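> Structure, please.
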Amino acid sequence: MKIFYSILLFTVTFHFAGNAQNKGFTRITTFDSLTLGNESHWDGSDQSGIFYGEHGFWDFQNEYDTSWGGYWASGWTYSNETDIATVGNQFSSYAGVDVSGGGNYLIGTTAISDVGASFLLSEGINFYVTNSTYTAISMREGDVYAKKFGDSTDASGMVDGTNGEDWLKLSIYAYTFGTLIDSVEIYLADYRFSNDSLDYILDTWEAVNLSFPTDSIRFSLSSSDTGLFGMNTPGYFCLDHITGDYYTGIEENVVDALEIYPNPAIDFVNVGKGHVEVYSMTGKKLIAQFLSGENRLNVSSLSAGMYQVIVRNKHQISRASLIKRN
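Here you go, the predicted structure:
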């Protein structure tokens, strides 16, 4: 079955809870606290729809489709697989290991809608990215849908106009309160060099440093190999070892998960008292309301999809993922 990828978006959202004067500690998430057997992965088949990184500062969405025997449809998975040789393996890093050399890492994709992860962050974030085995082998060898990088023809054998100067690019956009602040680009593969010996498909972990204030970032994959339905190159990449600088006072006051119900919701959702904010998975604030008496929040205006709910009061900051249905 062919899966078409056009613009593949991965969103990571950060929520501020202080000011620059209160920045006081650094935390690293490696995902090694997530339980896995040797050479295995979690694909969301338990339909929990979410998993968390260390310290409770991050949550990652997953969608598992139960049709056709069940499959990972969109969002994030985690894995410790070291396979770099199996064609079509979407659950392994082409680096062969995680950043530390023996733990877990994340793999992201989207075929249905934007997906994200919630963070609490102050002034900067650092992380590592690399190719998935599925994507790397497809670029190296070609397959029935995607071309072999460096060839002047597409997967069907037709001249594609690239002259073999192929590339796969991961663009990372940083936002603050919905305003684009800056962006960086990482080439996961690059065959545009005049000296062919310099052409590469990334097989190590590449560091990405965002040293400017941001409350959300967005990942976008693009490729030289595109067709009528968008990108032909399989749209997967791996992420690991996230470092963030956090505000003093946040660590002891963050609640890993806010209890909201019903969830999924159609018109109303019950939340705790305080200042309630609802964000899209691209970091756009859609609802901001103070609840002091009745704890029901009207979400009927939201389109069907996944959202992040933040409740702030004088005691703590609470957060949860909300599924909205029509």
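> Would you mark the buried spots in stretch 31-38?
When neighbours are counted by 16 or more other Cβ atoms under 10 Å, the buried residues of stretch 31-38 are found to be 31-32, 34, 36. Glycine gets a C-beta too; all of them are placed from N, C-alpha and C.
> before we move on, what about stretch 289-307?
Taking 16+ other Cβ under 10 Å as the neighbour-count basis, stretch 289-307 is seen to contain the buried residues 291, 295, 297, 299, 302, 306-307.
> Measure how far it is from the centre of its chain, please.
When distances are taken as Cα atoms, centre = their mean, to the nearest Å, stretch 289-307 is centred 25 Å away from the chain's centroid.
> which outside residues touch that stretch?
61, 113, 115-116, 265-276, 278-281, 286-287, 321-326 (Cβ atoms under 8 Å, 6 or more residues apart in numbering).
> Separate out the buried members of these.
Among those, those scoring as buried are 61, 115-116, 265, 269, 271-272, 274, 276, 278-281, 321-324 (criterion: 16+ other Cβ under 10 Å).
> picking that back up, and the buried residues of stretch 289-307 as TSV, adding distance to S48, pLDDT and secondary structure?
What follows is the buried residues of stretch 289-307, written out as TSV (distance: Cβ to Cβ, whole Å; pLDDT from 0 to 100; DSSP: H, G, I helix; E, B strand; the rest coil):
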residue	distance to S48	pLDDT	secondary structure
L291	27	78	strand
N295	25	83	coil
L297	23	92	strand
V299	22	94	coil
L302	22	94	coil
M306	14	83	strand
Y307	17	86	strand
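> Show me which of the residues you listed is closest to M158.
Ranking the buried residues of stretch 289-307 by separation from M158, with Cβ to Cβ as the measure, puts M306 on top at 38.6 Å.
> Narrow the contacts of stretch 289-307 to those in strands?
For those, the ones inside strands are 61, 115-116, 268-270, 274-276, 278-279, 286-287, 321-324, with DSSP state E as the criterion.
> Kindly format the C-alpha coordinates of whichever strand or helix holds G108 as PDB.
Secondary structure assigned from DSSP states H and E places G108 in strand 105-109. Output in PDB follows, covering the C-alpha atoms of strand 105-109 (Å, rounded to 0.1, in the frame of the first residue of the first chain):
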ATOM      1  CA  TYR A 105      14.700   7.300  20.700                       C
ATOM      2  CA  LEU A 106      11.700   8.700  18.900                       C
ATOM      3  CA  ILE A 107      10.400   8.300  15.400                       C
ATOM      4  CA  GLY A 108       7.900  10.800  14.000                       C
ATOM      5  CA  THR A 109       5.600  10.900  11.000                       C
END
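> strands paired with that strand, and their directions?
strand 71-79 (antiparallel), strand 237-247 (antiparallel) (DSSP bridges).
> Could you dump the ones you listed into a markdown table with mean neighbour count and mean pLDDT added?
Rendered in a markdown table, the data for the strands paired with strand 105-109 read as follows (neighbours: other Cβ atoms under 10 Å; pLDDT from 0 to 100):
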| stretch | mean neighbour count | mean pLDDT |
| --- | --- | --- |
| strand 71-79 | 23 | 91 |
| strand 237-247 | 22 | 82 |
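> and L286, what does it touch?
Counting by Cβ under 8 Å, 6+ apart, L286 touches 278-280, 302, 307.
> how about JSON lines for the residues you listed, with distance to V97 added?
What follows is the contacts of L286, written out as JSON lines (distance: Cβ to Cβ, whole Å):
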{"residue": "V278", "distance to V97": "38"}
{"residue": "Y279", "distance to V97": "34"}
{"residue": "S280", "distance to V97": "34"}
{"residue": "L302", "distance to V97": "41"}
{"residue": "Y307", "distance to V97": "35"}
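> Which one of these is nearest to I201?
Taking Cβ to Cβ as the measure, S280 is the one of these closest to I201, at 33.3 Å.
> I'd like to know how far the nearest residue to that closest one once chain neighbours are set aside sits from P264.
The spatial neighbour of S280 that comes closest, neighbours along the chain excluded (Cβ to Cβ, 6 or more residues apart in numbering), is L286 at 5.8 Å. According to Cβ to Cβ, to the nearest Å, L286 stands 17 Å off from P264.
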